[in-house]
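Chemist: pasting a predicted model and its sequence here:
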Amino acid sequence: MPTYKGIVHRKVHDRFDVANRLQGESLVRKSLLRAYEGQEQIRLLPDLNVVKVGGHGIVDYGKEVVLPLVQEIGELSREHQILVATGGGVRVRHILDVGMDLGMPTGVLAELAGKISEQNAIMLALLLSPYHGVRIHSADLLELPMLMNLGVLPVIQGTPPYGLYEQPAEVGVIPPHRTDTGAFLAAEVLGAKNLILVKNVDGLFSENPFTNPTAEMIEKISAPELIEMDMEDMVLEPKVVELLLHSRAIREVKIVNGHKPGNVRKAVLGEKVGTIIRAD
């Protein structure tokens, strides 16, 4: 069949196609997908540490907790590449409560919740300004290699930009992709070295330590093991654990207590602290 500049000319009513390895494929054939399994991907920032600062666990506690953490992260940024992602916190709980009471769809709830983590990103960026902290948007992620070379400490909202296109939740209507998940996805696409979730507890516990003081802390666990436990409550979003099963760059997630000075530094330096959830 004649071709010209990669275009295959077919008879009337046949599709026009461009010669390539996926030509004519539906992109859902399982054997095709397996053929590309394990393909190496570029890592834009292989030395990057994504530090997700919780809204509920950190920002909502005010300056007594936030300012020491800001100083710790700022000083770390002078020696290490850091991207700060922010959570939402109590205001997210409020807007979700109001939205669910009014019957809002999951996508609308996601859109509303994202506005809160964005507010926290603005505040943290201002607090980090002495360390060249700059608030960036989701669309700016691919500019980070240049920004890092300029000495910028970027701060981004943690809510992933699904917005109105958020997928329906398996149970209930609360958006499943929230700020832990957004931080994970940013770390994955950038090929980061570390993803550190900064919370108000020492790590992952067998039960909620605030309601059960006898709950045991889990220092290390794999994603399949954690999914198998089917826990009633967790310190991180379940979607992060699910995504960890299929990640290419991020093969573990660290959870540390941001109320204890020095924990983020330990996590960045690879010292033993908090909980590590491994991909396998």
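Modeler: Sure thing, it's come through.

Chemist: which per-residue confidence value corresponds to residue 16?
Modeler: Looking at residue 16, its pLDDT reads 79.

Chemist: count the residues that sit near it.
Modeler: For residue 16, the neighbour count with other C-beta atoms under 10 Å is 8. All C-beta atoms are positioned from the backbone trio N, CA, C, and that covers glycine.

Chemist: grab the nearest non-local neighbour of residue 280.
Modeler: Among residues not flanking residue 280 along the chain, residue 222 sits closest, at 5.6 Å (C-beta to C-beta, 6 or more residues apart in numbering).

Chemist: and for residue 262, the neighbour number?
Modeler: Quick note: residue 262 (other C-beta under 10 Å) scores 12 neighbours.

Chemist: any idea how far residue 215 is from the residue nearest to residue 280?
Modeler: For residue 222, the distance to residue 215 equals 20 Å [C-beta to C-beta, to the nearest Å].

Chemist: any idea how far the residue nearest to residue 280 lies from residue 252?
Modeler: In terms of C-beta to C-beta, residue 222 sits 9 Å off from residue 252.

Chemist: show me the contacts for residue 58.
Modeler: The neighbourhood of residue 58, defined by C-beta atoms under 8 Å, 6 or more residues apart in numbering, consists of 65-66, 69, 87, 198-200, 258-259.

Chemist: which element is the residue sitting nearest the centre point of the chain on?
Modeler: By C-alpha atoms, centre = their mean, the mean C-alpha position of the chain lies nearest to residue 183, the distance being 1.9 Å. For residue 183, the element it lies in under DSSP states H and E is helix 179-190.

Chemist: list the buried residues of that helix.
Modeler: 179-190 (16 or more other C-beta atoms under 10 Å).

Chemist: so which of those comes closest to residue 172?
Modeler: Of all these, residue 172 sits closest to residue 181, with 16.1 Å by C-beta to C-beta.

Chemist: which residue packs closest to that closest one, ignoring adjacent ones?
Modeler: Residue 181 sits nearest to residue 239 (C-beta to C-beta, 6+ apart), 4.7 Å away.

Chemist: before we move on, back to that, now the helix holding residue 183: mean pLDDT?
Modeler: 97.
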